[in-house]
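S.K.: Here is the input, now give the coordinates:
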Amino acid sequence: MALKGRKTNKNVPIMSHEFVIQNHADIVSCVAMVFVIGLMVQATAPISYMFIAMQHNVNQSEASNQIDPYVKYTYGSKDICAVFFYLLLCIVTHAIVQEYVLDKIIKKLHLSKVKNNKFNESGQLLAFYLFSIIWGGDIIFWENFIFNISSLWEGYPHTDMSSMLKFYFIIQMAYWLHTYTELYFQKVKKEDMFPKIQQATIMFMYILAAYIFNFSRVGILLLVLHYLSEAMYHILQLLEFFDKEENNNKVMQTVGSLASNIVFVTSRFGSIILAVLTFWFGLSQQSAHQGIDLQTFNFNSPGFRLLALFSVCSLQAYLMFDFITNQIKQFREIQPYYSGGGSSTKKVVNKKQLLKKQKDNVKRIHDEDNELTEVDQNTKKTQRNIKMKLK
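M.R.: Below is the predicted model:
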């Protein structure tokens, strides 16, 4: 299946930046196919297998009385190869979702450039969040983490992982790393790069820490909780593009915003409760496995537990602070319209509005172009040039 590149009227030179950007999905899929074809050749099969399949399986002792019928895995240096291969697949999947789902919806909505970018970002993240929630929830159910909460700390260090649990973390790391490549492929502006880089870096570092320090069990629960709140937010963002009637739009925004806020706050408190139960109470009771032991990959020491607890709680506190700040900002914006203040209040509001209009007047032309559809932008620029010549 060939993916269509971006349409252009110019013949782009091969190996140029524009050529790579337009055809990056086909190029990356060809690179991924090299590893798949390598499995068919006996000489290259071991190398290809190292990139595609899960590595570092645990050999169970025959003298053990209880033998697990399922193969268990640990982590190691070969996981870097798997992350690289599935990073390529994430790039291809990103392009498939963009072309065969999001682009077709955008054509029907006739959105502006700015709204196109917001729609694409929310659509891509929502697809990933829903996929991760369903897959992660299935793993949590079959591993019996939620109904046996003590399994989050009992038997630590949890060096042995099931194939699905290990594969889940590999995909998570690959996805957030592929976000950096999309900054180039999607031609993201410099002023828009920092929030994307910040999100991808924080997510990757937390997932990597849970994977390396054998906190995969509590890690997958925290990820699913976080993705639930993020998915609700992006569902609300996408609904705003589909609601065209004002009455329906207000009702949907109110209900959706309330549901999103409830899920967000619940996820934050749920994450803190899980972190406290695991790092403060649960692991402290494992007296047989206290202290840091690099040979057994044991990091159950008081200092390390406090560091892990602080890392999780500080992230939740930052997200809650940002959430409360946005809520206060929204409340202040709508307060003048619903308050019954006197003429003095109205004068202050009018002065602020006039100052805001004067500042925004400098960027008015650029904003008008962004609010137009891509088809009408060239027409608008032509009309403006004609008016300037007549003057």
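
S.K.: number of nearby residues for residue 185?
M.R.: 18 (other C-beta atoms under 10 Å). Using the backbone N, CA and C atoms, a C-beta is placed for each residue, glycine as well.

S.K.: any idea which element the spatially closest residue to residue 207 that is not a sequence neighbour lies in?
M.R.: Of all residues not flanking residue 207 in the chain, residue 172 sits nearest, at 5.0 Å (C-beta to C-beta, 6 or more residues apart in numbering). Following DSSP states H and E, one finds residue 172 within helix 163-185.

S.K.: What's the first helix or strand after that helix?
M.R.: Following helix 163-185 in sequence, per DSSP H and E, is helix 190-212.

S.K.: Give me the angle between that following helix and helix 163-185.
M.R.: 160 degrees (axes from the mean of the first three to the mean of the last three C-alpha atoms, to 10 degrees).

S.K.: that older thread, quick one: average confidence on the helix holding residue 172?
M.R.: When pLDDT is averaged along helix 163-185, the result is 96.

S.K.: can you check stretch 102-120 too?
M.R.: So the average pLDDT for stretch 102-120 ends up being 88.

S.K.: Report the distance from it to the chain centre.
M.R.: Distance, stretch centre to chain centre, for stretch 102-120: 20 Å (C-alpha atoms, centre = their mean, to the nearest Å).

S.K.: hey, C-alpha coordinates of that stretch in CSV?
M.R.: Taking Å, rounded to 0.1, in the frame of the first residue of the first chain, the C-alpha atoms of stretch 102-120 are listed here in CSV:
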residue,chain,number,x,y,z
LEU,A,102,-8.2,12.8,9.4
ASP,A,103,-7.7,14.3,6.0
LYS,A,104,-11.0,13.0,4.8
ILE,A,105,-12.8,14.5,7.8
ILE,A,106,-11.0,17.9,7.3
LYS,A,107,-12.1,18.1,3.7
LYS,A,108,-15.8,17.9,4.8
LEU,A,109,-15.3,20.5,7.6
HIS,A,110,-13.5,23.1,5.5
LEU,A,111,-11.3,24.3,8.4
SER,A,112,-8.7,27.1,8.4
LYS,A,113,-4.9,26.4,8.7
VAL,A,114,-4.8,27.0,12.4
LYS,A,115,-7.9,24.8,13.1
ASN,A,116,-6.5,22.1,10.7
ASN,A,117,-3.3,21.9,12.9
LYS,A,118,-5.3,21.7,16.1
PHE,A,119,-7.7,19.1,14.6
ASN,A,120,-4.8,16.9,13.4
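
S.K.: which parts of it are buried?
M.R.: For stretch 102-120, the neighbour count (16 or more other C-beta atoms under 10 Å) marks 102, 106, 111-112, 115-120 as buried.

S.K.: and the residue nearest to residue 207, what does it touch?
M.R.: Shown in contact with residue 172 (C-beta atoms under 8 Å, 6 or more residues apart in numbering): 132, 203, 207, 223.

S.K.: so of the buried residues of stretch 102-120, which ones are in strands?
M.R.: Among those, DSSP state E puts none in strands.

S.K.: For those, name the two members farthest from one another.
M.R.: Farthest-apart pair in the buried residues of stretch 102-120 is 102 and 112; separation 15.3 Å (C-beta to C-beta).

S.K.: Show me where the protein dips below the pLDDT cut-off.
M.R.: Scanning the chain with the threshold set as pLDDT under 70 gives 1-10, 59-69, 243-250, 287-289, 335-391.

S.K.: Other residues contacting stretch 203-215?
M.R.: Counting by C-beta under 8 Å, 6+ apart, 75, 156-159, 169, 172-173, 176-177, 216, 218-219, 222-223, 278, 297-299, 304, 308, 311, 315 sit against stretch 203-215.

S.K.: so what does the helix ranked longest in the chain touch, helix or strand wise?
M.R.: Using DSSP state H, we find that the single longest helix of the chain is helix 302-338. Applying 3 or more C-beta pairs under 8 Å, 6 or more residues apart in numbering; DSSP states H and E, we find helix 302-338 packed against helix 190-212, helix 246-275, helix 343-360.

S.K.: What is the subsequent helix or strand relative to the first one?
M.R.: Next in sequence after helix 190-212, counting helices and strands by DSSP H and E, comes helix 216-242.

S.K.: Now that next one: buried residues?
M.R.: For helix 216-242, by 16+ other C-beta under 10 Å, it's 216-239, 241.

S.K.: Could you do stretch 18-34 as well?
M.R.: For stretch 18-34, by 16+ other C-beta under 10 Å, it's 22-26, 28-29, 32.

S.K.: From those residues, pick the one nearest residue 12.
M.R.: For the buried residues of stretch 18-34, the nearest to residue 12 is residue 22 (6.5 Å; C-beta to C-beta).
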